[in-house]
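# structure for the following, please:
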Amino acid sequence: QVQLVESGGGLVQPGGSLRLSCAASEYAFSNYAMGWYRQAPGKECELLAVITSAGSSIIYADSVKGRFTISRDNAKNTIYLQMNSLKPEDTAVYYCNAGGPRTVQPICVTARGYWGQGTQVTVSS
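Below you'll find the model as predicted:
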């Protein structure tokens, strides 16, 4: 069974940092590329970063390149998203995913793959 549980969202001021965590079941962690997506109200689901199961390949969206870092801890079956220099336009619900799409989707949780419950990130002064 695939389970993904996100944590670490919250309210942060512009320019601040947050780290999101996603604890995954061992099956998901070992067999799927893991990624972070986000969806803001009225906007499409955006892929932010993907890391392969071996950790050998990482992809970032241009909108977060240089500010966000995806990583994985194999001992804990957990992936992370370190978010720095946050901007108000980063405000969204952030989702962890296993085996998800690499293209823009209308709604995150109806796209292929397995999804966590989402965690809200709000960047505001």
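
# other residues contacting the lowest-mean-pLDDT helix or strand in the chain?
Least confident helix or strand, the chain: helix 26-31 with a mean of 86, by mean pLDDT, DSSP states H and E. Contacts to helix 26-31, defined as C-beta atoms under 8 Å, 6 or more residues apart in numbering, come from residues 1-4, 34, 53, 72, 74, 77, 79, 98-99, 114. Every C-beta, even on glycine, is put in place using the N, C-alpha and C of the backbone.

# give me the ChimeraX select line for those, limited to the buried ones.
To isolate the buried subset of the contacts of helix 26-31 in ChimeraX, counting by 16 or more other C-beta atoms under 10 Å, use the following:
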select :2,4,34,53,72,77,79,98,99,114
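
# mind listing the strands for the protein?
Assigned by DSSP state E, the strands in the chain fall at 4-7, 10-12, 18-24, 34-39, 46-51, 58-60, 68-73, 78-83, 92-98, 114-115, 119-123.

# and of those, who's closest to residue 106?
strand 34-39 (9.4 Å; C-beta to C-beta).

# which elements pack onto the closest one?
Under the contact criterion of 3 or more C-beta pairs under 8 Å, 6 or more residues apart in numbering; DSSP states H and E, strand 34-39 touches strand 18-24, strand 46-51, strand 68-73, strand 78-83, strand 92-98.

# that older thread, can I get the contacts of helix 26-31 in a markdown table with pLDDT?
Formatted as a markdown table, the contacts of helix 26-31 follow (pLDDT from 0 to 100):
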| residue | pLDDT |
| --- | --- |
| 1 | 78 |
| 2 | 86 |
| 3 | 90 |
| 4 | 94 |
| 34 | 94 |
| 53 | 84 |
| 72 | 92 |
| 74 | 86 |
| 77 | 92 |
| 79 | 95 |
| 98 | 94 |
| 99 | 91 |
| 114 | 94 |
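
# would you mark the buried spots in stretch 8-16?
8, 9, 12.

# grab the CA positions of that stretch and hand them over as PDB.
Extracted in PDB, the C-alpha atoms of stretch 8-16 (Å, rounded to 0.1, in the frame of the first residue of the first chain):
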ATOM      1  CA  GLY A   8       6.100  21.400   7.400                       C
ATOM      2  CA  GLY A   9       3.800  23.900   5.800                       C
ATOM      3  CA  GLY A  10       2.700  27.100   7.400                       C
ATOM      4  CA  LEU A  11       2.900  30.900   7.200                       C
ATOM      5  CA  VAL A  12       6.200  32.600   6.400                       C
ATOM      6  CA  GLN A  13       7.200  36.100   5.500                       C
ATOM      7  CA  PRO A  14       8.500  36.900   2.000                       C
ATOM      8  CA  GLY A  15      12.200  36.100   1.800                       C
ATOM      9  CA  GLY A  16      11.800  33.400   4.500                       C
END
